[in-house]
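Peer 1: The sequence and its predicted three-dimensional model are supplied below.
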Amino acid sequence: DTAVSQTPKYLVTQMGNDKSIKCEQNLGHDTMYWYKQDSKKFLKIMFSYNNKELIINETVPNRFSPKSPDKAHLNLHINSLELGDSAVYFCASSSTPEAEQYFGPGTRLTVT
Amino acid sequence: AQSVTQLGSHVSVSEGALVLLRCNYSSSVPPYLFWYVQYPNQGLQLLLKYTSAATLVKGINGFEAEFKKSETSFHLTKPSAHMSDAAEYFCAVSPFGNEKLTFGTGTRLTIIP
């Protein structure tokens, strides 16, 4: 059973398009996260939701909008994609904001 | 504010040799510290964590790390490297547990047969 899953695994799209990445966790966790890993492997948190409420919102362009329809899902929608958005995006979850985080396999986004 | 510095973006060791990956942290409050491993094309997996209990922390796959407050360090070690240890390793710090993890830039570990 996959604890944290993301779809799609790979996403290639053109500049200006709008795309979404989906994340689901079957661990019963209350807290979910989105991270961005750039080409140099630098990993940085973007958002965190606890019980469907936003608790961390780092300095991220407002083209990025997370949506949590329920505690098991945290989707990431990106408008007007730019070349610099190319990266690997990781979803993670934890039982509480203080607990260990479990990461998904990542979504490699390539913007051309 | 907190930050993490990982010394050495690439480390190569021979199979069977000691693995030492360095991590120094900066935190304005007592930190929680973590080591994660990322295998190629996979997500991150927690190796071990320090949460203000024992300063020597044992993790999975034979790894351990020692918290040294005087040196603001949390270096990762393994006595004998195995080929399967080849991966990217990330040190991370958080002020109050995992609420806001700040990661280092990672160290790529290569094992030489």
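Peer 2: Received the coordinates, thanks.

Peer 1: How about the helix or strand hosting residue A:49, which residues are buried there?
Peer 2: Following DSSP states H and E, one finds residue A:49 within strand A:43-50. Of the residues in strand A:43-50, A:43, A:45, A:46, A:47, A:48, A:49, A:50 count as buried by neighbour count, 16 or more other CB atoms under 10 Å in any protein chain shown. Glycine gets a C-beta too; all of them are placed from N, C-alpha and C.

Peer 1: Is that strand positioned near chain B?
Peer 2: Yes: using CB under 8 Å from any CB of the partner chain, we find that strand A:43-50 touches chain B at A:43, A:44, A:45, A:48.

Peer 1: Next: stretch A:54-63.
Peer 2: Yes: among the residues of stretch A:54-63, A:55, A:56 lie within reach of chain B under CB under 8 Å from any CB.

Peer 1: wait, isn't residue B:45 in contact with residue B:35?
Peer 2: No: with contact defined as CB atoms under 8 Å, residue B:45 does not reach residue B:35; the gap is 10.0 Å.

Peer 1: Need the CA coordinates for stretch B:8-20. PDB is fine.
Peer 2: The C-alpha atoms that make up stretch B:8-20 are tabulated as PDB, following Å, rounded to 0.1, in the frame of the first residue of the first chain:
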ATOM      1  CA  GLY B   8      30.600  18.400   1.000                       C
ATOM      2  CA  SER B   9      28.100  18.100  -1.800                       C
ATOM      3  CA  HIS B  10      29.700  14.900  -2.900                       C
ATOM      4  CA  VAL B  11      31.300  12.200  -0.700                       C
ATOM      5  CA  SER B  12      32.900   9.000  -2.000                       C
ATOM      6  CA  VAL B  13      33.900   6.100   0.200                       C
ATOM      7  CA  SER B  14      34.900   2.500  -0.400                       C
ATOM      8  CA  GLU B  15      32.600  -0.300   0.300                       C
ATOM      9  CA  GLY B  16      33.200  -1.400   3.900                       C
ATOM     10  CA  ALA B  17      34.700   2.000   4.900                       C
ATOM     11  CA  LEU B  18      33.400   4.500   7.400                       C
ATOM     12  CA  VAL B  19      30.700   6.900   6.200                       C
ATOM     13  CA  LEU B  20      30.800  10.400   7.700                       C
END
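
Peer 1: Show me the contact partners of that stretch.
Peer 2: B:21-22, B:63, B:75-83, B:85, B:105-113 (CB atoms under 8 Å, 6 or more residues apart in numbering or on different chains).

Peer 1: For chain A, give me the ranges with low pLDDT.
Peer 2: Within chain A, the ranges that satisfy pLDDT under 70 run A:1-2.

Peer 1: Let's see that with 50 instead.
Peer 2: Across chain A, nothing is flagged by pLDDT under 50.

Peer 1: Run through the residues of it sitting next to chain B.
Peer 2: Residues of chain A found near chain B (CB under 8 Å from any CB) are A:4, A:40-45, A:48, A:55-56, A:90, A:92, A:94, A:96-106.

Peer 1: go with 10 Å
Peer 2: Residues of chain A lying near chain B by CB under 10 Å from any CB of the partner chain: A:3-4, A:6, A:9, A:31, A:33, A:35, A:37, A:40-45, A:48, A:50, A:55-56, A:58, A:88, A:90-92, A:94-106, A:108.
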